[in-house]
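Student: Sequence plus predicted model, see below.
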Amino acid sequence: MRKLHEVVFYSGDQPLPAYYIVDKIECESIEEALKSKLTLLTQRVRKMFNIQDNIPNLKIHEALYVLQEDGVIAIRDIT
């Protein structure tokens, strides 16, 4: 069964720290979808928040989360 998941980026550096929606993913397996879309999600976050290339991708990945029915889950706990 396909479910709709929202991928969000937590930015504590913004004037109002919050979770910002990066993408919506409709899939059966969020694990597989994240593996195939992680590069695109990282690029989208860099563009949205004007994050320079000197910031490693890992730092961005640490701030990515998936909204699920039971709460917010870090992508590092999913992949």
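Tutor: Great, that's in hand. Small disclaimer: the values here were computed from a predicted structure and weren't measured. Residues are numbered from 1 along each chain as shown.
Student: what's the burial count for residue 39?
Tutor: Neighbourhood size, residue 39 [other Cβ atoms under 10 Å]: 10. C-betas here are computed from N, CA, C, even on glycine.
Student: Start at 564, not 1
Tutor: All set: I'll call the first residue 564, so the last point we hit is now residue 602.
Student: can you confirm it is in a helix?
Tutor: Yes: applying DSSP: H, G, I helix; E, B strand; the rest coil, one finds residue 602 inside a helix.
Student: any idea how far it is from residue 637?
Tutor: Remark: distance between residue 602 and residue 637 (Cβ to Cβ, to the nearest Å) = 18 Å.
Student: just the strands in the chain please.
Tutor: 566-574, 581-590, 627-631, 634-637 (DSSP state E).
Student: Okay, the residue nearest the centre of the chain and residue 612: tell me how far apart.
Tutor: Nearest to the mean C-alpha position of the chain, counting by Cα atoms, centre = their mean, stands residue 627 at 3.4 Å. The gap separating residue 627 from residue 612 is 12 Å, by Cβ to Cβ.
Student: anything in contact with each of these two?
Tutor: residue 572 (Cβ atoms under 8 Å, 6 or more residues apart in numbering).
Student: follow-up on the earlier one: look up how far residue 564 lies from the residue nearest to the centre of the chain.
Tutor: 24 Å.
Student: and what of residue 614?
Tutor: 35 Å.
Student: quick one: least confident helix or strand in the protein?
Tutor: strand 634-637 (a mean of 89; mean pLDDT, DSSP states H and E).
Student: ok so, going back, surely the residue nearest to the centre of the chain meets residue 638?
Tutor: Yes: distance between residue 627 and residue 638: 4.6 Å, which falls inside the contact criterion (Cβ atoms under 8 Å).
Student: Quickly list what's touching both of these two.
Tutor: Taking Cβ under 8 Å, 6+ apart as the contact rule, residue 627 and residue 638 both touch residue 570.
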